[in-house]
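Novice: I would like to see how this sequence folds:
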Amino acid sequence: MRKSLLLAAFIVSILNTMAQQTPNGIRVVTGELINKVTSLKNLKPDPSLNPPVSRDLTGLVIKKTWKEEVKDFGTNATGDPVVQKDFYNPKKLTNGAEEGPLVGTKVVQNYDGMGFTNVAPADPCLTQGPNHVIQMINGSQGSYFRIWDKTGANVVAQTYMYQVIATPGYTGFGDPIVLYDQFSGRYFLSEFGASGGVTTYANTLIFAVSATNDPSGAWNIYKFVDNSAFIDYPHYSVWPNAIFGTSNDFNTAGTAYLGSSVMAFDKNAMIAGAASPTMIRTLPSFFSTGVTPTSKPRTMAPISISGPTAPADPNTGFFLYYHDDNLTASTTDVDSVGIINMKPDFTTPANTTITVGGQMTVAAFKSQVCASRACVPGGSAYDAISDRFMHRVSYRNFGTYEAIVANHTVDANYPVLPAKAGIRWYELRRSGGAWGVQQQGTYAPDADGRWMGGISINSKGQIALAFNHSGSGKFASIYFTGRNSTDPAGQMVYDEGTLQVGSAYGTFSNRWGDYNDLETDVTNDSLFWFTAMYGAANWKTRVSSFKLEPLPALDARTIGIISPANGLAQCSNTITPQVTIRNAGTTTLTSLNIYTKIDNNPVSAPFAWTGSLNITQSANVTLPNITTTTGAHTLKIFVGEPNGSLDENNNQMTQPNQALQYLHLSQVL
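Specialist: Down below sits the predicted model:
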């Protein structure tokens, strides 16, 4: 049955109230300038500021593992139709260390960020400006931040947010987000917490705003208090006129999930050092009309602007949500992605409008990877966090069109068991009309799990995807891949690059993430910056930058031997090898020589393959019979001379014009 989209278009007027809920679920909150810091570099910790411990190894102390109860109502989908299956992972181990990909990806900066703080998860996030990189993570008393220069040299040591907030009676809970505002040249540090005598739920949102584009200098500190709900999982984005945000809200007793809110903060007032900037916020009831509780768009995420150019209307912020038909009992729901627009008016809040900016049917998916918080293999298994868009969602204005890229974790094996975490990603486009799905894919190329993705798009149209990776007998590692604008739609064509290999499980109660962070460099957007957790005796974090360099025109590979089966005894001493070849170059592959070698015997005469394979395409090839003596043997298969020329990927040359692409293990004949 064809299913219809859920949310109808709407416009809502905002009443000018002071932290009071209106009949349509809208609130206006007045913020407060609570502190001015003259220099972070010279900040002297105040030992009298010692807020209580708010986080431990299982999460937020007052919240623990609250999570919306998810009920799977089933779906008409028969599986994920856009899983990327044609993939070759060329990483190999040498003395236990990965050597990385053959070609394409290049790591520039790669160093450890802030480490274990006796909590889980770390919630690592990152931003960078012209000269600095800032990372934030969770600590036991709120959030930590640290500042480096672009070469990785320390500028400001690891510091607790409560030291710059410097307000007695405030307890930081963490969930940090750090932003660089390319429109004003300012930085924003944020966290949530509790104040005003409240101790059992988060009622306070904190923003620290740099006074200049030097983050080691002066800052103004603001707080916004709303006692109406437990404001959880706040995320933000920078626009020319505002900081836009979302939160997942619970009731103050912590017994019920309420839904998602969208928010707007008067950015320019905070930059100017105003005493009382305005926050405009919806409450979840705004979205609940005609929608059952399990279908509220909890996956709301603010959309960040990458690059220097805002949309044609720079004052209207964008938010993204997805709808999974598995999560509702309705027979008319459909897997879809939607955009919500918010245009705040901080002078006259009643003029603020919120509208649905676009709704798009997408390829079927199942977002729930596991019923518990432990389903990604590796150690005791990791929490997939598969019920929301990952941080961060990015927008870029190319002039002739606009693009949004986003990702979330799905069950890439559905309906086959066991479930497998893969990354569903989208590029949405608008060119003078409505938003539409330009391309989409689910990145799950082998048996391992990939989750906690970060995605971004640069001015060349290159899309980078970075993520955590683990599997049976493996621990949470950090990899990345990507694609060019001219590559086949829905495909990540770059070999996976390695940023850090996990060495141990590294967490507690399965908690991981809850978000990683990928963005383009503000001065050279060929560079992508990423931060994430990785597994060690206790978790660690990594700060990295990387490039997607031009792929070779000619790069042919073998990606697997189909026959003979590895280690399986044969009834005859004659075998008929079958191999899968792949075009990893940008030029259509029309001819290729394939060679075989048994043990230390000479390499065979070339077998000439002809056909037509575009980039990322593969083909199965049956080779001539090989007769050898009875016993255990090692079969090697080589490819060479693609299109009659030299293979440009010569990392593993064994003889002129022949690159060793695959080593098949011992074979009993």
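Novice: Show me where the stretch 101-250 of the chain has its helices.
Specialist: All helices of the stretch 101-250 of the chain, identified by DSSP state H, counting those that start in this stretch, fall at 161-165.
Novice: For it, which residues score under the pLDDT cut-off?
Specialist: 101-102 (pLDDT under 70).
Novice: if we go to 50?
Specialist: Along the stretch 101-250 of the chain, no part satisfies pLDDT under 50.
Novice: all strands for it, in order.
Specialist: For the stretch 101-250 of the chain, strands defined by DSSP state E, counting those that start in this stretch occupy the ranges 105-112, 125-128, 132-139, 142-149, 154-160, 171-181, 186-194, 204-210, 219-225, 230-238, 242-250.
Novice: how about the fourth one: buried residues?
Specialist: The neighbour-count check on strand 142-149 (16 or more other C-beta atoms under 10 Å) flags Gly142, Ser143, Tyr144, Phe145, Arg146, Ile147, Trp148 as buried. (Glycine included, C-beta is placed from N, CA and C.)
Novice: Can I get those in JSON lines including distance to Arg557?
Specialist: Formatted as JSON lines, the buried residues of strand 142-149 follow (distance: C-beta to C-beta, whole Å):
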{"residue": "Gly142", "distance to Arg557": "49"}
{"residue": "Ser143", "distance to Arg557": "45"}
{"residue": "Tyr144", "distance to Arg557": "44"}
{"residue": "Phe145", "distance to Arg557": "44"}
{"residue": "Arg146", "distance to Arg557": "41"}
{"residue": "Ile147", "distance to Arg557": "43"}
{"residue": "Trp148", "distance to Arg557": "38"}
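Novice: For the strands of the stretch 101-250 of the chain, give me JSON lines that also has distance to Asp411.
Specialist: JSON lines is the format used below for those (distance: least, C-beta to C-beta, whole Å):
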{"stretch": "strand 105-112", "distance to Asp411": "27"}
{"stretch": "strand 125-128", "distance to Asp411": "26"}
{"stretch": "strand 132-139", "distance to Asp411": "27"}
{"stretch": "strand 142-149", "distance to Asp411": "32"}
{"stretch": "strand 154-160", "distance to Asp411": "37"}
{"stretch": "strand 171-181", "distance to Asp411": "26"}
{"stretch": "strand 186-194", "distance to Asp411": "30"}
{"stretch": "strand 204-210", "distance to Asp411": "33"}
{"stretch": "strand 219-225", "distance to Asp411": "37"}
{"stretch": "strand 230-238", "distance to Asp411": "22"}
{"stretch": "strand 242-250", "distance to Asp411": "21"}
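Novice: where in the chain is pLDDT low?
Specialist: Applying pLDDT under 50 to the chain flags residues 1-23, 286, 288-295, 651-669.
Novice: just so I have it, where are all the helices in it?
Specialist: Ranges of helices in the chain, per DSSP state H, are 161-165, 267-271.
Novice: Please identify the deepest-packed of these.
Specialist: Comparing those by mean neighbour count (mean count of other C-beta atoms under 10 Å), helix 161-165 ranks first with a mean of 22.
Novice: tell me how far that one is from the chain's mean position?
Specialist: Chain-centre distance of helix 161-165: 28 Å, with C-alpha atoms, centre = their mean, to the nearest Å.
Novice: Which residues outside stretch 183-190 are in contact with it?
Specialist: The contact list for stretch 183-190 (C-beta atoms under 8 Å, 6 or more residues apart in numbering) reads 127, 129, 132, 134, 136, 143, 145, 161, 164, 176-181, 205-213, 215, 219, 234, 236, 238-240, 243, 267-268, 271, 310.
Novice: CA atoms only for that stretch - export them in CSV, please.
Specialist: What follows is stretch 183-190 as a C-alpha-only set of coordinates in CSV (Å, rounded to 0.1, in the frame of the first residue of the first chain):
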residue,chain,number,x,y,z
PHE,A,183,29.4,35.3,9.8
SER,A,184,30.6,37.3,12.8
GLY,A,185,34.0,35.6,13.6
ARG,A,186,32.9,34.5,17.1
TYR,A,187,32.9,31.2,19.0
PHE,A,188,30.1,29.7,21.1
LEU,A,189,30.5,27.2,23.9
SER,A,190,27.4,25.6,25.3
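Novice: Buried residues, it. List them.
Specialist: Under the neighbour-count criterion of 16+ other C-beta under 10 Å, stretch 183-190 has Phe183, Arg186, Tyr187, Phe188, Leu189, Ser190 buried.
Novice: Among the residues you listed, pick out the one closest to Gln439, please.
Specialist: Closest approach between the buried residues of stretch 183-190 and Gln439, by C-beta to C-beta: Phe183, at 28.7 Å.
Novice: Determine how far the last residue of stretch 319-338 lies from the first.
Specialist: Distance between the boundary residues of stretch 319-338 (C-alpha to C-alpha, to the nearest Å) amounts to 8 Å.
Novice: which residues in the stretch 251-400 of the chain form strands?
Specialist: 257-266, 278-282, 301-305, 317-323, 336-343, 353-361, 393-397.
Novice: among the contacts of stretch 183-190, which ones are buried?
Specialist: Taking 16+ other C-beta under 10 Å as the criterion, what is buried in the contacts of stretch 183-190 is 127, 129, 132, 134, 136, 143, 145, 161, 164, 176-181, 205-211, 213, 215, 219, 234, 236, 238-240, 243, 267, 271, 310.
Novice: Next up, phi/psi of Gly585, please.
Specialist: Gly585 adopts backbone torsions of phi -100, psi 170, taken as degrees, to the nearest 10.
Novice: Now it. Nearest residue, chain neighbours left out?
Specialist: Asp555 (3.8 Å; C-beta to C-beta, 6 or more residues apart in numbering).
Novice: Could you give the backbone dihedrals for the one you found?
Specialist: When read as degrees, to the nearest 10, the backbone of Asp555 gives phi -150, psi 100.
Novice: right, and Asp324 touches Phe365 too?
Specialist: Yes. With contact defined as C-beta atoms under 8 Å, Asp324 reaches Phe365; the gap is 6.8 Å.
Novice: Common neighbours of the two, please.
Specialist: Listed contacts common to Asp324 and Phe365 are Asp335; contacts here mean C-beta under 8 Å, 6+ apart.
Novice: would you turn the buried residues of stretch 183-190 into TSV with distance to Glu519?
Specialist: Listed next are the buried residues of stretch 183-190 as TSV, based on distance: C-beta to C-beta, whole Å:
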residue	distance to Glu519
Phe183	15
Arg186	16
Tyr187	13
Phe188	14
Leu189	16
Ser190	16
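Novice: where's the residue nearest to Thr30 when sequence neighbours are not counted relative to Ile206, distance?
Specialist: Excluding its sequence neighbours, the residue lying closest to Thr30 (C-beta to C-beta, 6+ apart) is Ser276, at 5.2 Å. Counting by C-beta to C-beta, to the nearest Å, the gap from Ser276 to Ile206 is 16 Å.
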